[in-house]
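1. can't give you the sequence, but here's the structure:
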């Protein structure tokens with residue numbers, strides 16, 4: 001997904017960029033790279049025998065089904081509008097808008113003319129463009145990507161990054177968010193300039209560890225731009241949109257004048273004001289604006305091996321290669337194709353892609369064996385209590401293709417293995433060297449063993465909000481007792497336990513005790529409480545002494561050290577409050593995640609530097625307090641707590657790169 005709603009997690013707000021991601025999230029093992037001539041076969045269950053209870057997929061039945069579901073979602077979740085399109089056998093079967101594109105003016109959503117921002121579904125057009133250039137012999141999926149660039153990706157590892165790595169989200173880049181989404185097109189840099197000046201660190205060897213990367217997709221778009229000799233948006237206009245008759249689609253930012261009036265507003269919630277048009281810096285990764293009707297043409301083309309109404313955007317063999325499984329964290333779980341990823345359900349192999357900006361939330365599913373495609377987009381997240389997209393998809397599949405996988409027996413080792421995999425896990429889609437690494441201190445998966453021998457993953461919950469129970473159905477392979485969600489546990493090259501979800505574009509790695517979110521939250525919030533109490537009790541203690549006519553039995557040097565210690569507490573408290581405010585505001589105020597906020601970020605870091613240096617003062621004051629036989633015992637304990645809080649915060653600050661020299665995050 002394009003957007004990581006992660007900045008709010010900087011202060012420990014719970015796991016949640018997108019429930020759609022987390023409903024199957026977990027860290028997995030490695031996958032080998034197949035050759036383009038022999039893509040890896042999917043090892044998912046085969047389609048079950050026909051189910052006589054299934055509903056026939058017709059426009060009439062689909063309309064009645066969705067009309068009873070989507071309006072209720074919009075009302076319950078406080079979402080302004082949505083659009084859904086379904087294709088079947090090379091034709092548009094159903095398309096309808098729900099709710100409003102402008103909630104104030106009550107402008108209805110229409111599938112033919114209302115533009116939505118499908119976020120990372122844009123990447124499918126970028127990957128299609130890459131495959132077109134592969135067809136034409138201008139690109140090689142397994143060649144060093146540096147050979148196509150006018151700047152150089154550093155050689156952190158012996159292995160070079162290839163286009164196949166980019167298309168399977170295995171280039172090994174750490175996550176970056178800065179300037180990703182803006183609200184002013186005047187700040188938009190040329191694609192090559194932006195990519196060259198914002199190269200993320202490489203934190204994994206290429207081809208091994210999946211870690212979803214917007215930068216990687218944008219890099220692939222720039223490669224297309226370089227080898228085709230055309231700006232990326234112009235290339236897509238001419239080579240994809242025109243052949244597919246997608247007249248209401250564009251990667252341009254801001255929108256062309258002819259399309260501006262058709263653009264749906266984006267909302268946090270329908271009851272809140274409409275938000276400005278989002279400017280995506282990594283344009284090939286997420287800047288598409290399109291209608292459901294246009295997207296239906298793209299779905300049909302991919303379901304028909306690259307053809308739509310007599311026009312071809314890909315050769316059949318190229319389309320089939322693009323759709324084939326390339327790698328996956330575990331043979332029993334969904335894997336990556338070239339850009340698409342698997343979303344198997346009810347015995348059907350599905351290739352799909354989701355997309356999120358701050359305000360738009362979309363999904364595209366293709367079911368090749370029945371020649372069906374489904375696209376949906378919502379113009380707001382609303383309350384965020386459920387994931388409307390996942391609900392529509394699951395109910396759609398269970399109504400029209402209700403072929404659940406056969407039951408699987410629970411292994412005898414279930415209880416033992418459940419205990420063996422308990423603990424905290426960290427997503428490979430993360431920053432490891434920048435200030436964004438702070439997210440990792442708070443945003444972790446927790447795996448728990450249940451008394452019945454099953455496990456629970458805190459991000460896997462039913463629509464009622466209850467934690468799902470997963471039982472072991474294969475060696476370290478767990479499945480939801482009431483559904484199809486699966487997770488698997490394997491080992492990475494270093495021997496570390498990893499949790500692999502049914503989403504193949506990132507995995508979760510086991511966390512050592514000192515990175516455990518409980519330890520880190522304890523240090524963060526414990527220090528916060530100690531500093532706050534020290535400052536609160538400072539005047540309170542003075543008032544009590546004044547009331548009883550008592551004075552501190554301290555000499556001038558000790559009084560100065562005590563004063564400086566309280567000033568250090570004040571500086572540290574201001575530093576923590578600044579980060580808490582930043583984390584809670586950055587998601588809704590995108591200027592806080594851009595170059596414009598750099599001076600304030602440096603000011604926050606300056607507070608941190610002073611606080612870290614002040615640790616020496618608090619330690620000196622602590623030692624002196626214990627040397628003074630006239631000091632009250634509880635006062636000595638208080639000075640010790642302050643010194644320990646400063647030491648803990650200093651460790652936390654350096655462990656999570658809160659004083660990073662580079663602001664390229």
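-> That came through, no problem. None of these values were measured; they are calculated from a predicted model. Numbering: from 1, shown residues only.

2. contacts, neighbours, all on C-alpha from now
-> Fine.

3. which strands and helices sit next to the helix or strand residue 130 falls within?
-> In this assignment (DSSP states H and E), residue 130 forms part of helix 122-135. Helix 122-135 makes packing contacts with helix 214-228, helix 283-286, helix 316-323 when contacts are defined by 3 or more Cα pairs under 8 Å, 6 or more residues apart in numbering; DSSP states H and E.

4. Would you mind listing the outside residues contacting it?
-> By Cα atoms under 8 Å, 6 or more residues apart in numbering, the list of residues contacting helix 122-135 from outside reads 139-141, 167, 217, 220-221, 224, 228, 236, 239-240, 284-288, 313-315, 318, 322, 338-340, 353, 355.

5. related to what we said a few turns ago, need the winner for burial among the helices and strands packed on helix 122-135.
-> For the helices and strands packed on helix 122-135, the largest average neighbour count (mean count of other Cα atoms under 10 Å) is found in helix 283-286, namely a mean of 31.

6. Name the next helix or strand downstream of the one helix or strand residue 441 maps to, please.
-> For residue 441, the enclosing helix or strand under DSSP H and E is helix 439-442. Using DSSP H and E, the next helix or strand after helix 439-442 towards the C-terminus is strand 445-449.

7. and the angle for whichever helix in the chain runs longest with strand 445-449?
-> When the chain is parsed with DSSP state H, its longest helix is helix 517-548. Inter-element angle recorded for helix 517-548 and strand 445-449: 100 degrees (by axes from the mean of the first three to the mean of the last three Cα atoms, to 10 degrees).

8. can you give me the offset of stretch 455-474 from its chain's centre?
-> Here stretch 455-474 shows a centroid-to-chain-centroid distance of 20 Å under the convention Cα atoms, centre = their mean, to the nearest Å.

9. How about stretch 130-144?
-> 28 Å.

10. Endpoints of that stretch, how far apart?
-> Chord length of stretch 130-144, first to last residue, is 14 Å (Cα to Cα, to the nearest Å).

11. what secondary structure does residue 334 sit in?
-> coil (DSSP: H, G, I helix; E, B strand; the rest coil).

12. among the helices and strands packed on helix 122-135, which is nearest residue 615?
-> helix 214-228 (38.6 Å; Cα to Cα).

13. which SS class is residue 55?
-> Here residue 55 is recorded as coil under three-state DSSP.

14. Report the contact partners of residue 339.
-> Residue 339 makes contact with 123-124, 127, 167-168, 322, according to Cα under 8 Å, 6+ apart.

15. One more pass at 6 Å, please.
-> For residue 339, the contacting residues are 127, 167, by Cα atoms under 6 Å, 6 or more residues apart in numbering.

16. State the distance from it to residue 305.
-> Residue 339 is 15 Å from residue 305, by Cα to Cα.

17. After the longest helix of the chain, which helix or strand is next? Please name it.
-> Tracing the chain C-terminally past helix 517-548 and defining elements by DSSP H and E, one meets helix 556-585 next.

18. Which elements pack onto the helix or strand immediately after that next one in the chain?
-> The helix or strand immediately downstream of helix 556-585 is helix 598-627, counting by DSSP H and E. In terms of contacts (3 or more Cα pairs under 6 Å, 6 or more residues apart in numbering; DSSP states H and E), helix 598-627 is packed against helix 556-585, helix 633-655.

19. now the longest one against helix 517-548, angle please.
-> Here the directions of helix 556-585 and helix 517-548 differ by 130 degrees (the same axes, to 10 degrees).

20. Neighbours of residue 140, how many?
-> Other residues lying near residue 140 total 17 when counted by other Cα atoms under 10 Å.

21. Nearest residue to it in space, please, no chain neighbours.
-> Leaving aside its chain neighbours, residue 140 sits nearest to residue 134 (5.9 Å; criterion: Cα to Cα, 6 or more residues apart in numbering).

22. With residue 457 instead?
-> Spatial nearest neighbour of residue 457, excluding adjacent residues (Cα to Cα, 6+ apart): residue 447 at 4.7 Å.

23. Next: residue 497.
-> In this structure, residue 497 finds its nearest non-sequential neighbour in residue 491, 4.7 Å apart by Cα to Cα, 6+ apart.

24. now that neighbour: how far from residue 473?
-> Here residue 491 is placed at a distance of 18 Å from residue 473 (Cα to Cα).

25. more crowded one of those two?
-> Neighbours per residue (other Cα under 10 Å) separate residue 491 from residue 473, with residue 473 holding more: 20 against 15.

26. That one belongs to a strand?
-> Yes - Residue 473: assigned to a strand according to three-state DSSP.

27. Excluding chain neighbours, what is closest to it?
-> Spatial nearest neighbour of residue 473, excluding adjacent residues (Cα to Cα, 6+ apart): residue 410 at 5.0 Å.

28. Let me know how buried the one you found is, in neighbour terms.
-> Count around residue 410 with other Cα under 10 Å applied: 17.

29. Validate this expectation: it resides in a strand.
-> No - going by three-state DSSP, the assignment for residue 410 is coil, not a strand.

30. Return the backbone torsion pair for it.
-> Residue 410 adopts backbone torsions of phi -80, psi 140, taken as degrees, to the nearest 10.

31. Pretty sure residue 414 sits against residue 472.
-> Yes - at 5.4 Å, residue 414 counts as touching residue 472 under the criterion of Cα atoms under 6 Å.

32. of these two, who's got more company?
-> More crowded of residue 414 and residue 472, by other Cα under 10 Å: residue 472, with 27 against 23.
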